[in-house]
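Asks: For reference, the sequence and a predicted model appear below.
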Amino acid sequence: MDESAFPSDIIERLRQARRVVALTGAGISAESGVPTFREAQTGLWAQYDPQELATPQAFRRNPKLVWDWYAWRRALVASVSPNPGHYALARIERHVSEFTLITQNVDSLHQKAGSRNVFELHGNISRVKCFEEDIVMDDWTEAESDTVPRCPRCGGYLRPDVVWFGEMLPPDVLRRAISAARAAEVFLTIGTSGIVQPAASLPLEAVENGALVIEINPVQTQLSSWMDFCLRGPSGIVLPALVSTVWPDSTRE
Ligand code: NAD
């Protein structure tokens, strides 16, 4: 990507900013091979709509189906690596005194790329929790092939520790995300369609508080009209070029 392509306003504001926030969505992991929910699914799962599986109602209806779909996604994310977009965000953290990375993703790829200050709005697929009591666990014993593992405490079904459509976000993480968005001098919204609430309202909090807001996405989204700048392209290309332009001395991974 032509590094002279970035408007000087973006370069100067990022260089001077003490508080920068990035909000990421499924799009940043697409180049690592993790499909977004809006892309066509492949293979075994092609006949299912992920938005119909990622709900408490779907789990109640057919726990085994939902458990197996998440087991497949868990294996998928464990087998892939961060891409240059994830690494570029980890580089920003080294240059900005307060950098907050808010992600809607559940795949740990930001942490694997070296990002430290990560707020996971929608949980993490590597953990499970009890469907009845909400107690979170890192380890569990797999069940017989025709059923779902059970909570060792109460015997309820175990489910992935992710936030499903229609569920509340972890209140403390959301509160800290809102406060970071309000304090941001520059806010980057990356690889998100801006449809899933309340994550989609975070860039608007930043707009209302005078931040420079920038979208990185190959296509227009519901958030585009609020942005000061829209950088059209895949985040794995745009972000490394942007970081190298703003901080030319930063090392490329
Ligand atoms: P989303 O609503 O965040 O939409 C994906 C966006 O990414 C789209 O606007 C698309 O244009 C954009 N995009 C695609 N490729 C891109 C690229 N290379 N660079 C930059 N942008 C790109 O995400 P969704 O798929 O609708 O998922 C909704 C929710 O489901 C998420 O908020 C998340 O909780 C969960 N989810 C997580 C993962 C993950 O952890 N990797 C994957 C799928 C879904």
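Replies: Yes, it's here.
Asks: okay, CA-based contacts and neighbour counts for the rest of this
Replies: Fine.
Asks: ok, the residue found closest to Leu231 once you drop the neighbours it is linked to in the chain to Ile102 distance?
Replies: Spatially, and ignoring its direct neighbours in sequence, Leu231 is nearest to Ile216 (4.9 Å; CA to CA, 6 or more residues apart in numbering). Distance from Ile216 to Ile102, counting by CA to CA, to the nearest Å: 15 Å.
Asks: and stretch 58-69, which residues are buried?
Replies: 59, 63-67, 69 (16 or more other CA atoms under 10 Å).
Asks: Phi, psi for the residue nearest to Leu231 please.
Replies: When read as degrees, to the nearest 10, the backbone of Ile216 gives phi -120, psi 110.
Asks: follow-up on the earlier one: taking the buried residues of stretch 58-69 one by one, which sit in helices?
Replies: 59, 63-67, 69 (DSSP state H).
Asks: re earlier: closest one to the ligand out of the buried residues of stretch 58-69, please.
Replies: Trp69 (12.4 Å; CA to the nearest ligand atom).
Asks: what number of residues lie near the closest residue to that closest one other than its chain neighbours?
Replies: Take Trp69 and drop its neighbours on the chain: the residue closest to it by CA to CA, 6+ apart is Trp45, 7.6 Å away. Neighbour count for Trp45, taken as other CA atoms under 10 Å: 12.
Asks: From Glu133, how far off is Trp45?
Replies: Distance from Trp45 to Glu133, by CA to CA: 29 Å.
Asks: could the buried residues of stretch 58-69 be laid out in a markdown table, adding distance to the ligand and pLDDT?
Replies: Shown next, in a markdown table, are the buried residues of stretch 58-69 (distance: CA to the nearest ligand atom, whole Å; pLDDT from 0 to 100):
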| residue | distance to the ligand | pLDDT |
| --- | --- | --- |
| Phe59 | 16 | 96 |
| Pro63 | 19 | 95 |
| Lys64 | 20 | 95 |
| Leu65 | 17 | 94 |
| Val66 | 14 | 96 |
| Trp67 | 16 | 96 |
| Trp69 | 12 | 93 |
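Asks: So which residues make contact with the lowest-mean-pLDDT helix or strand in the chain?
Replies: Lowest by mean pLDDT, DSSP states H and E among the helices and strands of the chain is helix 50-53, with a mean of 87. Residues outside helix 50-53 that contact it (CA atoms under 8 Å, 6 or more residues apart in numbering): 37, 58-59, 66, 165.
Asks: cutoff 10 Å now
Replies: 36-41, 58-59, 62-63, 65-67, 69-70, 164-165 (CA atoms under 10 Å, 6 or more residues apart in numbering).
Asks: Stretch 54-70 now?
Replies: 37, 44-45, 48, 50-53, 71-74, 76, 125-126, 131, 145-149, 157-160, 162-167.
Asks: Quick one: end-to-end length of that stretch, please.
Replies: 9 Å.
Asks: Could you check how far that stretch is from the centre of its chain?
Replies: With CA atoms, centre = their mean, to the nearest Å as the basis, stretch 54-70 stands 21 Å off its chain's centre.
Asks: Could you do stretch 205-212 as well?
Replies: 20 Å.
Asks: Now do the buried residues in that stretch.
Replies: 205-207, 211-212.
Asks: Secondary structure, pLDDT and distance to Val246 added to those residues, as TSV?
Replies: What follows is the buried residues of stretch 205-212, written out as TSV (DSSP: H, G, I helix; E, B strand; the rest coil; pLDDT from 0 to 100; distance: CA to CA, whole Å):
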residue	secondary structure	pLDDT	distance to Val246
Glu205	helix	98	25
Ala206	helix	98	21
Val207	helix	98	22
Ala211	coil	98	17
Leu212	strand	98	15
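Asks: Tell me the spacing between Thr245 and the ligand.
Replies: 19 Å (CA to the nearest ligand atom, to the nearest Å).
Asks: Val148 too?
Replies: For Val148, the distance to the ligand - CA to the nearest ligand atom - is 22 Å.
Asks: and that residue, how many neighbours?
Replies: Each residue near Val148 was counted by other CA under 10 Å, and the total is 20.
Asks: surely it meets Glu142?
Replies: Yes: with contact defined as CA atoms under 10 Å, Val148 counts as touching Glu142 (7.5 Å).
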